[in-house]
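Participant: got a predicted structure plus its sequence, pasted below:
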Amino acid sequence: IQAWRQPGSSFKPFVYAAALEKGVLPTDIRIDGPVKFGDWKPQNYGGGYRGAVTVETALARSINTVAVKLAQEAGGPAISALTRRFGISTIPPNPDLSVALGSYEVPLVEMVSGFQVFQNAGNRVVPFIVDEIRTIGGQPVYARQTSAPVPAYDVARASMMVRMMKKVITQGTGTRADFGRPAAGKTGTSQNWRDAWFIGFTPDYVAGVWIGNDNDLPMNKVTGGVVSAQVWRRFMMVAHENLPPRDFDWLLP
């Protein structure tokens, strides 16, 4: 609720979602190669370039150069407006291109809330912690008023995003999160290994894992695709123990 941390590449789905609203498709081709914006030269984690790749491959493999190019195509104001529709309040109205790599700090609860929009066919539900409060004698003091989901994103584009994010787990940076059920998500690691994230969802649950030091000091090369993804996997295995496996039945062709 209170801690704001850099989400790293776990923020990329929102950039891709904004790019889809500008007409980009998962099958479109972008070039993964050296890029320069002013004095900034964004590079891929681990270095190297893959050349021509599809947009969905770029997300699955968390390719930084393509994410920045898509952020430029979508525009900072469009990315900021989308994140606010998704329940993320900390992105300024016109962020610079580093937003594509998760440079702006966010709270974990808002990141998970934003991913829930993808899970819920483009509809947003406001997160809450307290459901009800009663006195020691059982008298109700507070009861949360249930709110209807609010449309935040087109269902056809949400279908595209879920399919792309499923590939993060089946063949991308999030394979350690795979627990044998249909699931989608995204890894994230901030600069100097200060923050390691995995946020993902099944048709039944959405959950987010952040790992880092409270004093913001670097960790010992902990990444979201390894430790955070494994924590998420173990948690989701228990959460789904008594639930039958199922896929996202609302996905459009």
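Facilitator: Yep, that arrived.

Participant: for the stretch 151-253 of the chain, which segments are assigned as strands?
Facilitator: Per DSSP state E, counting those that start in this stretch, the stretch 151-253 of the chain has strands spanning 184-189, 195-201, 206-212. These are given in chain order.

Participant: which non-adjacent residue is nearest residue 247?
Facilitator: Taking Cβ to Cβ, 6 or more residues apart in numbering, and ignoring the residues beside it in sequence, residue 247 has residue 182 as its nearest neighbour in space, at 4.3 Å. C-beta coordinates here come from the backbone N, C-alpha and C atoms, glycine included.

Participant: same deal with residue 130?
Facilitator: By the measure of Cβ to Cβ, 6+ apart, the closest residue to residue 130 outside its immediate chain neighbours is residue 144, 6.6 Å from it.

Participant: from residue 49, how far off is that neighbour?
Facilitator: The span separating residue 144 from residue 49 equals 49 Å under the rule Cβ to Cβ, to the nearest Å.

Participant: before we move on, the earlier item: just the strands of the stretch 151-253 of the chain: most buried one?
Facilitator: Counting by mean count of other Cβ atoms under 10 Å, strand 184-189 has the highest mean neighbour count of those, with a mean of 31.

Participant: quick one: the helices in the stretch 151-253 of the chain, in order.
Facilitator: Secondary structure of the stretch 151-253 of the chain by DSSP state H, counting those that start in this stretch: the helices cover 155-171, 229-239.

Participant: picking that back up, doesn't residue 127 make contact with the residue nearest to residue 130?
Facilitator: No. Using Cβ atoms under 8 Å, residue 144 is not in contact with residue 127, being 11.1 Å away.
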